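Participant: Would you be able to build a 3D model of this:
(2 chains)
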Amino acid sequence: MTITISPTGVELTGACPVEDAEILLQHLLSAPLAPIHWSACDSAHSAVIQVLLVAKARPQGSPNCPFLRDHVGPLLVRAVT
Amino acid sequence: MKEFIEQFILESRELVEQATASLLALEQSPQDAECVDATFRAIHTLKGGAAIVDFFAMERAVHAAESALSAVRSGHRSLTTPLVGDCFACLDQVSRWLDSMEQSGELPVDADAQADHCIARIAAEDRRNIEPDENWFEDFAKRNQGLRSKARTIVRFTPHSASFYRGEDPLALIASLPGLLSMALEPVDQWPSLDELDPFACKLVVTAFSAASADAVSAHLQGHTSECDIRTLDIGMGAAANGSPSVLTEHSRKLLEAQIILLDEEQAATFAGRVASAGLVAANVLRHCRLSASADLVVRATEQSLHENNAQYLQQAIANILAPAPAAAPQLAANAPEPAQVETVARSLRVDAQRVDALVRLTGELSVVKNAIGHVLKLAGASANSMAGALKGPHGDLDHLVDELQRAVLGIRVLPLRTVLQRLPRLVREISAGLDKPVKLLIDGDDTEADKAIVEMLFEPLLHIVRNAMDHGVEVATVRRERSKPALATLRIRASRQEGHVLVEVEDDGGGVEVARVRAVAKERGVASSEVLDAMTDEQIIDLVFVAGFSTASQVTELSGRGVGMDAVRTAVERVGGRVAIDSRPGLGTTVKLMLPFSVMLTHVMTVEAGGQMFGIPLDAVVEAISVPLETIVGVGAAWAIVRRNRTIPVFELAGLLQGREQRRDGHQAVIVVAAVGGQWGGLRVDRLGERMEVMLKPLDGLLTGLPGIAGTTILGDGRVLLVLDLAEVLQ
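Facilitator: Now for the predicted structure:
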């Protein structure tokens, strides 16, 4: 399971495939303010990143993956601000 | 050469049709790669054909459209409505050239100026598009100024909206891009709200700086080259003053190279046109790439070339600009996967329509001979000739084979209605824009087939009906809103085969025919007396719009229903033996139904004899054939009539109508054929009824052309000529 819901928010773990986009979207629609953690995320499909961009989500933590950390992370921060 | 040109005209017309259809489809779904490819392919082949017959003006004009579409395909340019309009204008020009070539058999003389006009239109539209197109480049460079010195390549990647469905992960591709320095993610247009987001439709546009060469970047993105714009940042010339990077794209280089090739031609007659257009295209390309200094050089070189009548100045100027070629461009072209060419085996054969018509004529003659043999057999049988019995079997076979041959031959002339219907979307688009009424056109059953003559005559009536539906049927936006109808009106054309007939229906979702208004206008115009008009049913009133004079004399806006041209529709449809009717649903819409024969050549007739002459009456129109006591025919003023089923039917003496014979009062019984055409009933008094037969109708020619009341002729078995009546004219 790459997306888990816990009382502390939504967590992205491992390699999040394209199907996760739908699951993540539904979570974010029902709980728009839920914090998202992606420290344990190794990679995320473009569709998942697109959902994060549209939701203006600002995931917490620093993911393992350099691409997510160095390139996608700053864009998400910019999208929120 | 003449055959060459004929072939070229034939093929070009098909390609213009294909390009028009796919351009329309492309405008509907601009992201559809297949539509882009189909349009591009048709235009490209059209250009190739022009080059083969040395029609350089056409080649240049089509080339301009091709270049614009190529830019659309590579994402450099967006497909705007004006651009589609310009491409249509270019195709229209090609059609006009083809018309002129068809008439004269030679290339049009003033084509260069017309081609220049097409090119200028497309170029002007391009200039309007440069700004938004270039912004991405500048914005990104500004935002990432710190990395600018390390960056060698910039790439903009617009993945197909269905790329997620295809199992692609565009960002994974970018993540592994060699030398990735910086990346931006933007929406194709704008981000939807979260609840409107389709998570599996890709809306991303990725822009990235890379420290790797364009070569390496394009190799990495192999398979996505059509979705990428890769530019090398190793610039050594013409950098814009503000420091923003200015580079020649791969497509720009190709366009410039094409101009050099164009200038190589040795056609003195088209020299000025070629130089002017090559100069214009090259300068525009350079301005597009923000190389305005180079563009100015080209403009000056163009002037010099024109002045000194030597293309070399311009050629050299373009070649100099192209000289410091970055290695990426040719590589990129080599790496780009060629679209798969589907080899198609020729399943159809092009045959001159005249040859087919000759075959139809011969088959008609054959069937006449067959009928003659039948007649001889009948005579032989009557005289108890022993051979008559023996010949009966073979004659039966001959009868059967000739019938089959007739059907097979008529089958050759069969065309799908698509050939006519495909012209409508574009016209609807234009009428819709002209009237400012958004209309969606849906076409069903365009593969329904009918005889060539029927298909070809269908266009004008259909156009009248469609125009009427959009002008008067479809309400203006405010009225549609009040009636809670969608702002986008729907016009649906359905075609289907109904046994021996073809049914074409044109349905709109407008306001329907305003019966009260039509009745009032009919009274105003004195179409009939007030009492008669008041007694008429709604259907009969609606049918009045088909009455000649009623509609043409009326003001379109005054009627605010159906009107102009509908009499022309009925005339055209009935001329080929069809029928037309209107079904109106007040407030909901109108359907105009055209019931057409499958073929005009094969007609079921009933033979009658009048004044010693045989006539054929098309069975379609015959209601009944009756024998009535003479006293039931009563005088109404100067005319005669009978009453059948509470309907008063005027009776005419057929021989009288055609040969001027007086109405007879002889005998005790009168044989009358009751027929109805376009709501008009009439009885034709004849001497004798004959038999029913299927005949191949020959249109009137020679001295008989224009003979009133006669639709055509055929030859009977005994050699006599059968005149087949045009009932619409006879009963008028």
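Participant: ok, which stretches of chain A are helices?
Facilitator: A:20-30, A:46-54, A:66-67, A:73-80 (DSSP state H).
Participant: check contacts around residue 65.
Facilitator: Let's take chain A. Applying Cβ atoms under 8 Å, 6 or more residues apart in numbering or on different chains, we find residue A:65 in contact with A:41, A:42, A:43, A:44, B:175. For the C-beta atoms, the positions are set from N, CA and C on the backbone; glycine is no exception.
Participant: hm, I was asking about chain B
Facilitator: B:43, B:86, B:87, B:90, B:91, B:118, B:122.
Participant: And for residue A:11?
Facilitator: Residue A:11 is in contact with A:3, A:4, A:5, A:36, A:37, A:38, A:40, counting by Cβ under 8 Å, 6+ apart.
Participant: and residue B:100, how far is that from residue B:609?
Facilitator: Residue B:100 sits at a distance of 52 Å from residue B:609 (criterion: Cβ to Cβ, to the nearest Å).
Participant: can you pull the contacts of residue B:686?
Facilitator: B:608, B:609, B:610, B:615, B:654, B:655, B:671, B:672, B:673.
Participant: Quick check: closest non-adjacent residue to it.
Facilitator: residue B:608 (4.1 Å; Cβ to Cβ, 6 or more residues apart in numbering or on different chains).
Participant: quick one: strands adjacent to the helix or strand the one you found falls within?
Facilitator: Residue B:608 is part of strand B:602-610, with elements assigned from DSSP states H and E. When pairing is defined by DSSP bridges, strand B:602-610 lines up against strand B:613-618 (antiparallel), strand B:688-696 (antiparallel).
Participant: Up against chain B, what does chain A have?
Facilitator: Neighbours of chain B within chain A, by Cβ under 8 Å from any Cβ of the partner chain: A:18, A:21-22, A:24-25, A:28-29, A:32, A:43, A:45-47, A:49-51, A:53-55, A:65, A:67, A:71-72, A:75.
Participant: Just the buried ones from the residues you listed?
Facilitator: Neighbour counting with 16 or more other Cβ atoms under 10 Å in any protein chain shown marks A:18, A:21, A:24-25, A:28, A:43, A:45-47, A:49-51, A:53-55, A:65, A:67, A:71-72 as buried within the residues of chain A next to chain B.
Participant: so what pLDDT did the most centrally placed residue in chain B get?
Facilitator: With distances taken as Cα atoms, centre = their mean, the residue of chain B nearest its centroid is residue B:423 (1.6 Å). Residue B:423 carries a pLDDT value of 81.
Participant: Equivalent analysis for residue B:417, please.
Facilitator: pLDDT recorded at residue B:417 is 91.
Participant: Tell me how far it lies from residue B:443.
Facilitator: 9 Å.
Participant: Quickly list what's touching both of those two.
Facilitator: residue B:495.
Participant: higher neighbour count, these two?
Facilitator: The neighbour count for residue B:417 versus residue B:443, taken as other Cβ atoms under 10 Å in any protein chain shown, is higher for residue B:417 (25 against 17).
Participant: Surely that one is in contact with residue B:446?
Facilitator: Yes. Counting by Cβ atoms under 8 Å, residue B:446 is a contact partner of residue B:417 at 5.5 Å.
Participant: Doesn't residue B:528 lie inside a strand?
Facilitator: No. Assignment of residue B:528 by DSSP: H, G, I helix; E, B strand; the rest coil gives coil, placing it outside any strand.
Participant: Is it in contact with residue B:534, as I believe?
Facilitator: No. Residue B:528 is beyond contact range of residue B:534, at 9.8 Å (criterion: Cβ under 8 Å).
Participant: more neighbours, those two?
Facilitator: Counted by other Cβ under 10 Å, residue B:528 and residue B:534 do not tie: residue B:528 has more neighbours, with 16 against 11.
Participant: Identify the residue spatially nearest to that one, adjacent ones excluded.
Facilitator: residue B:522 is the one closest to residue B:528 (Cβ to Cβ, 6+ apart), at 6.9 Å.
Participant: likewise residue B:176?
Facilitator: Leaving aside its sequence neighbours, residue B:176 sits nearest to residue B:220 (Cβ to Cβ, 6+ apart; 7.3 Å).
Participant: mind listing what the one you found touches?
Facilitator: B:173, B:176, B:177, B:178 are the contacts of residue B:220 under Cβ under 8 Å, 6+ apart.
Participant: Any idea how many residues pack against the nearest residue to the residue nearest to the centre of chain B once chain neighbours are set aside?
Facilitator: Of all residues beyond its chain neighbours, the one nearest residue B:423 is residue B:459 (6.7 Å), with distances taken as Cβ to Cβ, 6+ apart. By the criterion of other Cβ under 10 Å, residue B:459 has 16 neighbours.
Participant: Equivalent analysis for residue B:692, please.
Facilitator: Quick note: residue B:692 (other Cβ under 10 Å) scores 12 neighbours.
Participant: Against chain A, how distant is the nearest residue to it once chain neighbours are set aside?
Facilitator: The shortest distance from residue B:692 to any non-neighbouring residue, by Cβ to Cβ, 6+ apart, is to residue B:606 (5.2 Å). Distance from residue B:606 to chain A, counting by Cβ to the nearest Cβ, to the nearest Å: 69 Å.
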